[in-house]
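Novice: Below is the sequence, then the predicted model.
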Amino acid sequence: MLAPVPMVRVRIQVPQREGAAATHAIARLGLLHLIDIAHGRSDVMPSGTEQQLAEHLALRNRIRRIADRLEVGAPPIAGRIDEPLVTDFGFELRALEAACEPVEASVERAWERRSVAVARAAVASRTLEHARRLDRAGLDVRRLLSARFVALRLVSGSQQALEALTALLMPMSCALIPVEAGAGGTLAVVAVPASAADRLDSALRLVQLETIGPDALVQSASVEAAEAALRGARGEEEAAGDALARLRIDQGKAVMELLAHAEACVLLVQANIRFGATGRFVVISGWIPEHAVGAIRAAVAAVSPAAVVDAEQARDMPETARAALRIPIFHRNPLLLRPFQPLIELYGTPQYQEVQPTAFFAVSFLLMFGLMFGDVGHGATLAFAGYCLFRFVPRFLDYGILLAEAGTASMLFGVLYGSVFGVEGLLPVVWLSPLHDLPSFMRIAVAFGVVLVSIGLALNVVNSWRAGERAAALFGLRGLFGAFLYWTSLALVARAVMPRALTVPAWLLWTLVLSAAALVAMRAPVVAHLEPARRTRTADSTPRWLGALEGSVELVDTLFSYFANTISFVRIAAFAAVHAGVFIAMFAVSDTLADMTFGRPLSIAALIAGNIVLVLLEGLTVSVQVLRLEYYEFFGKFFRGGGELYRPLMLRSNGKGGVP
């Protein structure tokens, strides 16, 4: 739980003729996180891989287009583990093309037929609209078409567009005659001398007007003819749609199977882009959980008896200690801790050798949320909402667990505060009241901050030691040295502001101060001894007095930042007091409404609405504040990040897949 699943780097060599089968077997297993050996170089990856990928992608896209036109949808997963074993990518490509072509031809014919029918129906519909408008306007279309000395155009559009056309034609002689106004705009006749017909057509192209051409005028001459044309076009569209529906019934399942197989082939060929080639062998390298080495050996041996699988423990690699090797992180957290992992990944991905902070994050998150949002009623509401998500919406399972846990923490602290929907007196105050015992609450919040900052420094010591940074772990400002100075400073502050019964005895305080002074004096030579390379660089580039001054400034700045981080936890008490204060304001509004006419129902409605707003808005605000304290005050002490999540090559079944 505090460390990722141990990983092993494997190197698999298989004959090129069995490379496709080995890739498929590895993807079926869903365990290998690939390392990009080829780095995009075509001279390193297996020959012909880039061309194969381009061909498979093109075919996959053709099948997707067929599926879209049949409206059968796309597979929700990239391939399936029950796909037949792929042994040759070229053969699979030819087989898919042979199966695809007859279906594609029939679908394209039906699609083209429907597209033409849809276009005809759109034209016929517009023509019918023109015919009805001309009929209402009483225009004689034949006389418009027979004009010899005047160029006439029938246009339709907004009044602003007609005014813009007039402006473009000025100062030329022209006439704009509105003949009918409707929802589609104004229908008007534009007349200019026949010699200016070209200028009129040019102006019409510059404005947002629909020009009804001669052909449309002839077709629009009869409303009955236009209606008949529209019925015919829609009948053709319906017939083409029926043909596509029959194809969907007859070929839909086959198309889905073709698409699933094409997706699997694309996934496998894309994986080959990362492989290397040496002689007649394909080299596959990647990371796998330590416990699954036997499984991948058996899977590869089943399809390629001549394959060689070598495994190397991550802990045996010198690059691991220097963090020079990116080892993927695979977390196996318990169900109750799993929802917190995405919140950590919002901040970053820890490195392989780091302590995994999920448990510390989860406990501190729930404690701070409960302290700020403590109320039995509100906590029960959140817990119930989380249970509903957990029980009925599997897609949001993690959110449901997180809500239920946060609600439970809120309920527990609500019992300690004696608060049920803000009503005091229903339960006794077991611990303290955030509003009435605010000074005590502030001290508790600061103490919580001291504990969390101290845990962060301790985790940084562990991380530095694991990374081989002995000097940073022992004498770094975020190591044991910095932690000791922080605790000594806290003892001094406690001696000054706390009651004498709660402070450190004087003899122990003097011991801490003298020890801290001795450590400060010893720090530079000890670090120089532990890091001779750093000592040489410092001696060559920086005078001793300047280095001492820089170290002093850095030390003071770090201590001040630790105290600022600690004081920042006072917001826990502040938000807890705000939560209680908003209850008081809500009850005051409710009492005011109760004195009005029909005040009882209004008062109850105000209480219900107020509690809903409190749960939604204040719950969100408290969550953001908790994350802020976690990220800036806690994670900033130890979290390094820069890790890589474990993403194995995987063919999935039913949208699920995973590591055993």
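Specialist: Looks like it came in fine. A quick note: this is a predicted structure, and the numbers were derived from the prediction, not measured.
Novice: State whether Val309 is indeed within a strand.
Specialist: Yes - assessed by DSSP: H, G, I helix; E, B strand; the rest coil, Val309 belongs to a strand.
Novice: What residues does it make contact with?
Specialist: With contacts defined as C-beta atoms under 8 Å, 6 or more residues apart in numbering, the neighbours of Val309 are 10-12, 293, 296-297, 300-301. Where you see a C-beta, it was placed from the backbone N, CA and C, and this is true even at glycine.
Novice: Equivalent analysis for Gln13, please.
Specialist: By C-beta under 8 Å, 6+ apart, the contact list for Gln13 reads 278, 281-284, 307-308.
Novice: that older thread, so which of the contacts of Val309 belong to helices?
Specialist: 293, 296-297, 300-301 (DSSP state H).
Novice: Out of these, who's the most crowded?
Specialist: Ranked by the number of neighbours (other C-beta atoms under 10 Å), the ones in helices among the contacts of Val309 place Val300 first, at 26 neighbours.
Novice: just checking, that one touches Thr23?
Specialist: No - using C-beta atoms under 8 Å as the test, Val300 is too far from Thr23 to be in contact (9.9 Å).
Novice: and Pro289, how many neighbours?
Specialist: Neighbours of Pro289 under the rule other C-beta under 10 Å: 23.
Novice: Okay, buried residues for stretch 387-400 please.
Specialist: Across stretch 387-400, burial judged by 16 or more other C-beta atoms under 10 Å covers 389-390, 398-400.
Novice: Ends of it, what's the gap?
Specialist: 6 Å (C-alpha to C-alpha, to the nearest Å).
Novice: can you map out the strands along this structure?
Specialist: Taking DSSP state E as the test, the strands found in the chain are 7-15, 33-34, 150-157, 175-182, 185-193, 210-212, 276-278, 281-289, 308-313, 328-329, 419-420, 423-424, 644-645.
Novice: Grab the most central residue of this protein for me.
Specialist: Leu346 (9.3 Å; C-alpha atoms, centre = their mean).
Novice: which stretch among the strands of the chain comes nearest Pro601?
Specialist: Nearest of these to Pro601, taken as C-beta to C-beta: strand 423-424 at 19.4 Å.
Novice: Quick one: mean pLDDT for that closest one?
Specialist: Average pLDDT, strand 423-424: 83.
Novice: Ok, stretch 562-569 next?
Specialist: Here stretch 562-569 scores 93 as its mean pLDDT.
Novice: now do stretch 191-198
Specialist: Here the average pLDDT along stretch 191-198 is 87.
Novice: Can you dump the C-alpha atoms of that stretch in PDB for me?
Specialist: Taking Å, rounded to 0.1, in the frame of the first residue of the first chain, the C-alpha atoms of stretch 191-198 are listed here in PDB:
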ATOM      1  CA  ALA A 191     -35.200  45.200 -62.200                       C
ATOM      2  CA  VAL A 192     -32.300  46.900 -64.000                       C
ATOM      3  CA  PRO A 193     -31.600  47.600 -67.700                       C
ATOM      4  CA  ALA A 194     -30.700  44.500 -69.700                       C
ATOM      5  CA  SER A 195     -27.300  45.900 -70.300                       C
ATOM      6  CA  ALA A 196     -26.600  45.900 -66.600                       C
ATOM      7  CA  ALA A 197     -27.500  42.300 -66.000                       C
ATOM      8  CA  ASP A 198     -23.900  41.200 -65.200                       C
END
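Novice: List the buried residues for it?
Specialist: Buried positions in stretch 191-198, judged by neighbour count with 16+ other C-beta under 10 Å: 191-192, 196.
Novice: Just put the residues you listed in TSV and tack on distance to Leu337.
Specialist: Formatted as TSV, the buried residues of stretch 191-198 follow (distance: C-beta to C-beta, whole Å):
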residue	distance to Leu337
Ala191	81
Val192	80
Ala196	81
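Novice: with the residues you listed in mind, which one is nearest to Gly48?
Specialist: Ranked by distance to Gly48 (C-beta to C-beta), the buried residues of stretch 191-198 are led by Ala196 at 65.1 Å.
Novice: Would you mind listing the residues in contact with the residue lying closest to the closest one once chain neighbours are set aside?
Specialist: The shortest distance from Ala196 to any non-neighbouring residue, by C-beta to C-beta, 6 or more residues apart in numbering, is to Met172 (5.8 Å). Listed by C-beta under 8 Å, 6+ apart, the contact partners of Met172 are 192-193, 196, 199.
Novice: now do Ser623
Specialist: Counted by C-beta under 8 Å, 6+ apart, Ser623 has contacts 369, 406.
Novice: What does the pLDDT read for it?
Specialist: Ser623 is assigned 94 on the pLDDT scale.
Novice: Please report the distance of it from Leu34.
Specialist: From Ser623 across to Leu34, the span is 37 Å (C-beta to C-beta, to the nearest Å).
Novice: what's the answer for Gly294, then?
Specialist: Per C-beta to C-beta, Gly294 is found 20 Å from Leu34.
Novice: Neighbour count for those two, which is higher?
Specialist: Leu34 (20 against 10).
Novice: Now that one. Nearest residue, chain neighbours left out?
Specialist: Gly286 (4.5 Å).
Novice: Then His378?
Specialist: In space, His378 is closest to Val615, 5.4 Å off (C-beta to C-beta, 6+ apart).
Novice: For stretch 637-649, buried residues please.
Specialist: For stretch 637-649, using 16+ other C-beta under 10 Å, the buried residues are 637-640, 643, 646, 648-649.
Novice: Show me the contact partners of that stretch.
Specialist: Stretch 637-649 is contacted by residues 7, 23, 26-27, 30-34, 267, 271, 286-288, 323, 326-330, 345, 347-352, 354-355, 357, 453, 456-457, 459-460, 463, 478, 565, 659 when judged by C-beta under 8 Å, 6+ apart.
Novice: Low-confidence ranges, the stretch 451-600 of the chain, go.
Specialist: 498-504, 527-549, 551 (pLDDT under 70).
Novice: all helices for it, in order.
Specialist: 470-475, 480-497, 506-530, 532-541, 544-567, 570-594, 599-613 (DSSP state H, counting those that start in this stretch).
Novice: Need these in TSV (columns: distance to Gly619 and mean neighbour count).
Specialist: Shown next, in TSV, are those (distance: least, C-beta to C-beta, whole Å; neighbours: other C-beta atoms under 10 Å):
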stretch	distance to Gly619	mean neighbour count
helix 470-475	39	19
helix 480-497	33	17
helix 506-530	42	14
helix 532-541	49	11
helix 544-567	25	14
helix 570-594	10	18
helix 599-613	10	14
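Novice: Thr166 is nearest to which of these?
Specialist: Closest to Thr166 of the helices of the stretch 451-600 of the chain, according to C-beta to C-beta: helix 599-613, at 57.0 Å.
Novice: Remind me what that closest one packs against, helices and strands.
Specialist: Packing partners of helix 599-613 (3 or more C-beta pairs under 8 Å, 6 or more residues apart in numbering; DSSP states H and E): helix 376-392, helix 570-594.
Novice: Figure out how far that helix is from the centre of its chain.
Specialist: Distance of helix 599-613 from its chain centroid, counting by C-alpha atoms, centre = their mean, to the nearest Å, is 37 Å.
Novice: Residues contacting it, please?
Specialist: Helix 599-613 has contacts (C-beta under 8 Å, 6+ apart) with 377-378, 381, 421-422, 586-587, 589-591, 593-594, 596.
Novice: orientation of that helix relative to helix 376-392 in degrees?
Specialist: For helix 599-613 against helix 376-392, the angle by axes from the mean of the first three to the mean of the last three C-alpha atoms, to 10 degrees is 60 degrees.
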